[in-house]
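1. Take a look and give me a structure for this.
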Amino acid sequence: MAGEYGYRLEPVPSSGRTYGFWQNFAIWFGSDASIAVFWAGALLTPHLSLLTALILIVAGIALGNLLMALVAVMGFRTGVPTMVLTRGCLGVRGSALPSVLNYVQLIGWSAIMIVVGAEAADNILRTLTGVSMYYVWIVVIGAALTLWSFLGPERWRFLESVSVGLLLILTAWMTYVVLTRFNVAELLSRPGTGGLSTWLGLDLVVAMPISWVPLVADYARFSKDLRGSFWGTYVGHFISCALFYFIGALTNVAIGAPDPISLIASYGLGVPAMLIVIFSTLTTGFMDIYSAAITFKNIVPKADAKKQVVLVGALSTVIAALFPTSAYEWFLLLLVSAFVPLAIIMILDYFTLPYDAEELLSSEGKYWFRKGFNVYSMAVWAVSFTFCLLLSIASTLNVNIPVMSYIASNYGTSLPTLALTAALYSPLVIARRLKR
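-> Residues are numbered from 1 along each chain as shown. Okay, the predicted model is just below:
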């Protein structure tokens, strides 16, 4: 049925592929044009100098974006969502485990986006009028995200083009305000205070694009051509992520505050600041809700994805209203540990032996492996996941774990995990090459 491919797992045919470079650019520019990325950038400074932070931001996003763009290519070539792609490396049944983890984390992150957007919008509103409407903002933002997600990928083109076009203008204006407010040359030459290693700083940057890997193919499968899927994803995410990281780092160096939106609102320019908050929350949050619904369908293929969108949106809104993000954000950060090694496994596996899209959806055949599980890939993923999880516990919860605490404090979690996973998975890659 035309126009409904966004709610299926089957490969999107050429007639349903409407995304060019701009559509992919718009989706991924909007994904990290958010307050959360400002705060992530502020974690780098003033521990590191602003110049060092800038170098790490460019290098880290360039590396992380490569993983994102390669998964986008996989989505374009096969026409299926990301969690369906994991069937190729983990097995049809094995893919259920990352799908469950992804479903849980996406509900949590969508709730956090609602909270972040509501708090920022309410702060600006109080600055302008003295009136607080926090819970009203929760409901309004949650409903808007759910409605946007419900429309489906085929109907996002206009909304994304308009919203991201406005967000580009607002972001350019915000960047101008921040850069002209401070002496950037002086801030770049100011030394860091220490307490954060260069490797750990790089890890903090690389982690952001990797966190999007479980979602990339959900959108790239609608691409009309390879270049649009790869470069639209790469360039769109690079510009927004790098810019918002840098502005967050710069603002923290300049005034010791990670939130330039509030800074702009304090100039008496609250309306543009509020628009940035609203558009950035919408362009980021709807992706969590939609991809959660598609992920659930990989677990339960007969599930109605539209009903899942409504359920996930409602559940995220309730969680945002009832539970403080501090109560579960640490748990979500630990869940990300599952997808760092999975990204490398997926990429190495696919580009060694490309997948048959139709076979991915079969309950029999080449991706059934041993009772639905690829034992070797599952073992590598389990070891690497455990390794990354221990590093995350050591760094996120400040738990002292011999060896792991040393690695986490000096090199972070993502880079060591990527290296370990590549080393463990290489024997399978080499064996496949020798068979050819």
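2. got a pLDDT number for P209?
-> pLDDT recorded at P209 is 91.
3. Wait, it touches A59, no?
-> No. P209 is beyond contact range of A59, at 12.0 Å (criterion: Cβ atoms under 8 Å). No exception for glycine: its C-beta is placed from N, CA and C like everyone else's.
4. Tell me which of these two has more neighbours.
-> Using other Cβ atoms under 10 Å as the criterion, P209 and A59 rank with P209 on top: 29 against 14.
5. residues contacting that one?
-> Residues in contact with P209 (Cβ atoms under 8 Å, 6 or more residues apart in numbering) are 61, 64-65, 67-68, 237, 241.
6. Report the secondary structure state of it.
-> Classification of P209 using DSSP: H, G, I helix; E, B strand; the rest coil returns helix.
7. Chain neighbours aside, what residue packs nearest to it?
-> Computed as Cβ to Cβ, 6 or more residues apart in numbering, the closest residue to P209 that is not its neighbour in sequence is G64, at 3.0 Å.
8. what's the answer for G94, then?
-> In space, and not counting its chain neighbours, G94 is closest to F373: 4.5 Å by Cβ to Cβ, 6+ apart.
9. Quickly list what that neighbour is bridged to.
-> When assigned by DSSP bridges, F373 has beta-bridge partners R370.
10. could we number from 17 for the rest of this?
-> All set: I'll call the first residue 17, so the last point we hit is now F389.
11. which residues touch it?
-> Contacts of F389 (Cβ under 8 Å, 6+ apart): 106-107, 109-110.
12. cutoff 7 Å now
-> Applying Cβ atoms under 7 Å, 6 or more residues apart in numbering to F389 gives the contacts 107, 109-110.
13. Kindly report the same for D320.
-> Contacts of D320 by Cβ under 7 Å, 6+ apart: none found.
14. How much space separates it from V326?
-> Note on D320: its distance to V326, by Cβ to Cβ, to the nearest Å, is 10 Å.
15. got it, and F260?
-> Going from F260 to V326 by Cβ to Cβ gives 30 Å.
16. Between these two, which is the more surrounded one?
-> When F260 and V326 are compared for neighbours, F260 comes out ahead with 27 against 16, by other Cβ under 10 Å.
17. and the more buried one, what are its phi and psi?
-> Reported as degrees, to the nearest 10, the phi and psi values for F260 are phi -70, psi -30.
18. residues contacting the closest residue to L434 other than its chain neighbours?
-> Spatial nearest neighbour of L434, excluding adjacent residues (Cβ to Cβ, 6+ apart): I360 at 5.5 Å. Contacts of I360 were listed using Cβ under 7 Å, 6+ apart, and they are 434, 437-438, 441.
19. 8 Å - rerun?
-> When contacts are counted by Cβ under 8 Å, 6+ apart, I360 touches 83, 434, 437-438, 441.
20. So how do I select the buried members of those residues in PyMOL?
-> Under the burial definition 16 or more other Cβ atoms under 10 Å, those of the contacts of I360 that qualify are selected in PyMOL by:
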select buried, resi 83+434+437+438+441
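21. ok, of the contacts of I360, which one's closest to T68?
-> Closest approach to T68 among the contacts of I360 (Cβ to Cβ): L434, at 21.6 Å.
22. Report the buried residues of the strand or helix carrying the closest one.
-> Per DSSP states H and E, L434 falls inside helix 430-451. For helix 430-451, the neighbour count (16+ other Cβ under 10 Å) marks 430-434, 436-438, 440-441, 444 as buried.
23. correct me, but L220 touches L60?
-> Yes. Using Cβ under 8 Å, L220 is in contact with L60, at 6.5 Å.
24. Mind checking which of these two has more residues around it?
-> Per other Cβ under 10 Å, whichever of L220 and L60 has more neighbours is L60, with 29 against 24.
25. show me the contacts for L161.
-> Counted by Cβ under 8 Å, 6+ apart, L161 has contacts 126, 129-130, 297-298, 301-302, 305, 329, 332.
26. which residue packs closest to it, ignoring adjacent ones?
-> In space, L161 is closest to G301, 4.4 Å off (Cβ to Cβ, 6+ apart).
27. Equivalent analysis for V415, please.
-> Spatially, and ignoring its direct neighbours in sequence, V415 is nearest to I409 (5.2 Å; Cβ to Cβ, 6+ apart).
28. Give the other helices and strands that whichever strand or helix holds that neighbour contacts.
-> I409 belongs to helix 391-412 when assigned by DSSP H and E. Using 3 or more Cβ pairs under 8 Å, 6 or more residues apart in numbering; DSSP states H and E, the elements in contact with helix 391-412 are helix 98-106, helix 345-351, helix 355-368, helix 420-427, helix 430-451.
29. correct me, but A337 touches W153?
-> No. Here A337 does not reach W153: they are 10.3 Å apart, not a contact under Cβ under 8 Å.
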